[in-house]
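> Dropping the sequence and predicted coords here.
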Amino acid sequence: QVQLVESGGGLVQAGGSLRLSCAASRRTISDYTMGWFRQAPGKEREFVAAVTWIGSTHFADSVKGRFTISRDIDKNTLYLQMNSLKPEDTAVYYCAARSGALAATYTSYSYWGQGTQVTVSS
């Protein structure tokens, strides 16, 4: 069973930065495709970024150039560095894992963390 635990959320002003972390329970980071999703109130869960087990990355257009995804395989931890944050980035951010190729739909992921709140004030 894969367990994922996010941390690092909080309140930040527009233009600021946050780094989210996702600690996995076992060799998930190196063996799975890992993704970040977010969900704002009243909206569907949307794709943010993903990295495959070989290190290929993909980003949603809305975060390209502002967010980066990385991983520390030794620590079995996934990161999402968020820069130039905007109020529309406000959401609960989720870490997810799937065995297989990179995917950008939340239904493709089997394992989920509990989420961490990110709030960007204007």
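Yes, it's here.
> In the sheet, which residues pair with the most centrally placed residue in the chain? Tell me.
Centroid check for the chain by C-alpha atoms, centre = their mean gives residue 36 as the closest residue, at 2.3 Å. In this entry, residue 36 is beta-bridged to residue 49, residue 95, by DSSP bridges.
> quick one: it and residue 21 touch, right?
No. The pair residue 36 / residue 21 is not scored as a contact, 10.9 Å apart, by C-beta atoms under 8 Å. No exception for glycine: its C-beta is placed from N, CA and C like everyone else's.
> neighbours around residue 54, how many?
Neighbourhood size, residue 54 [other C-beta atoms under 10 Å]: 8.
> Test for you: state the pLDDT assigned to it.
Per-residue pLDDT puts residue 54 at 92.
> Next one: it from residue 33, what distance?
10 Å (C-beta to C-beta, to the nearest Å).
> Give me the helices and strands touching the least confident helix or strand in the chain by mean pLDDT, please.
When each helix and strand of the chain is scored by mean pLDDT, DSSP states H and E, helix 28-31 comes last, with a mean of 86. In terms of contacts (3 or more C-beta pairs under 8 Å, 6 or more residues apart in numbering; DSSP states H and E), helix 28-31 is packed against strand 67-72.
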